[in-house]
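>>> Let's see this in three dimensions:
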Amino acid sequence: MASNLFQTALLKQTQNVPPIWFMRQAGRYHSHYRKLKEKYTFEQLCKSPELAAEVAKGPLDEFDFDVAILFSDILFILEGLGLELKFDPGPKFASYIDANNFRNYNDIDKAIDHLKFQSDAIKFTRENISNSKSLIGFVGGPWTLIRYAFGKDKLNNDNNKIYFDFLSSTLVPLLKKNIKLQLDAGAEIVMIFDSSLYDLGNSDFKNNYVTILEDISSSFPNKVGYYARGKREDDILSCMKYPFAGFGFDASINLENIFKNSKHGFIQGNFDEKLMLLDTDQFKQELQKYTVFMKSIENRDGWVCGLGHGINKETPEKNVHLFIENIRKEFNL
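Numbering: from 1, shown residues only. From the prediction side, this is the model:
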């Protein structure tokens, strides 16, 4: 019960037409989601497994994506640790973890019990999508979660030891349990979305953070994908020696060099999501440039076609249809 295209990409086997999925493909740009939001809050859609499955299924029915994605949010794991969270419409915490109280947020068992709705949502989604479609889960990247937990505007380099202490003692063990929960429920892989690495210094990344990434990937060989934004290409390439299932890249990264250095797993990306906002003619021109570039890459084994980051809420649905139709047409030659 999975997309042959996606499974072939995971195995890094040759195929002409890539599987396609977008980060945030179930979301505000889509009329199906907006109609559900007229009746339910974001939290209700995430925490009711039947509704989460309905949201995740919508983009597959409408656009024929190859992969469904668990409908949830990366921040519920912090809510499970005791941070009061609401969405209005974006995420807001009533308080933050800090240097004085971080040891109070350490009940991993309670937090993972809180996330059981994700397990049920994956099971319901798998039951309600076609057997020919794949299903993946996701968690937030460790540093991205640190930024939210301690407050993005409150991070202080002097506290980096505290941040890494909290990662090693609580957050990483909890993330690993969250990944296992999703895999056990039926997710084929779990993506780590680490989209806020900008204020993690290069020294800390190289000397401390990559050890965390190695630990997570080694705990689930070839079952966890990694998307990073905010670090240099060389930094991410250094992680490709670890047993990740694959990597996602934003639009600033030249995929030609990535494919040359990729030995196993998928490579996802990386059409600039901002170009999806253009009018039809301009959008088609930019998409044609992208397909020409991707065709120029001699070995695209393992390619998963997608955007550089999450799809913008203002994206016209017509452009999503055009993207998928044109990619399949251009590469089915």
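>>> Any idea how many residues pack against Y227?
23 (other C-beta atoms under 10 Å). Yep, even glycine has a C-beta here, placed from its N, CA and C like the rest.
>>> Can you classify it as helix, strand or coil?
Following DSSP: H, G, I helix; E, B strand; the rest coil, we place Y227 in the strand state.
>>> Closest to the centroid, which residue in the chain?
F193 (4.2 Å; C-alpha atoms, centre = their mean).
>>> Just the element for that residue, please.
Assigned by DSSP states H and E, F193 falls within strand 190-194.
>>> so how far is the first residue of stretch 251-259 from its last?
Here the two ends of stretch 251-259 are set 15 Å apart, with distance taken as C-alpha to C-alpha, to the nearest Å.
>>> Over to stretch 87-101?
24 Å.
>>> Select the helix or strand of this structure having the lowest average pLDDT value.
Taking mean pLDDT, DSSP states H and E as the measure, the helix or strand of the chain with the lowest value is helix 233-237, at a mean of 86.
>>> Could I get the buried residue list for that one?
For helix 233-237, burial by neighbour count (16 or more other C-beta atoms under 10 Å) applies to D235, I236, L237.
>>> Stretch 173-192 now?
Buried residues in stretch 173-192, counted by 16+ other C-beta under 10 Å: 174-183, 185-192.
>>> which outside residues touch it?
The contact list for stretch 173-192 (C-beta atoms under 8 Å, 6 or more residues apart in numbering) reads 2, 6-7, 10, 70, 77, 80-81, 108, 111-112, 115-116, 118-120, 122-123, 126, 134-142, 145, 216, 219-220, 223-227, 245-246, 248.
>>> that older thread, for the least confident helix or strand of the chain, the distance to its chain's centre please.
Helix 233-237 has its C-alpha centroid displaced from the chain centroid by 18 Å (C-alpha atoms, centre = their mean, to the nearest Å).
>>> and after it, which helix or strand comes next?
Assigned by DSSP H and E, the successor of helix 233-237 is strand 246-248.
>>> rewinding a little: ok, and the closest non-adjacent residue to the residue nearest to the centre of the chain?
In space, and not counting its chain neighbours, F193 is closest to Y227: 5.2 Å by C-beta to C-beta, 6 or more residues apart in numbering.
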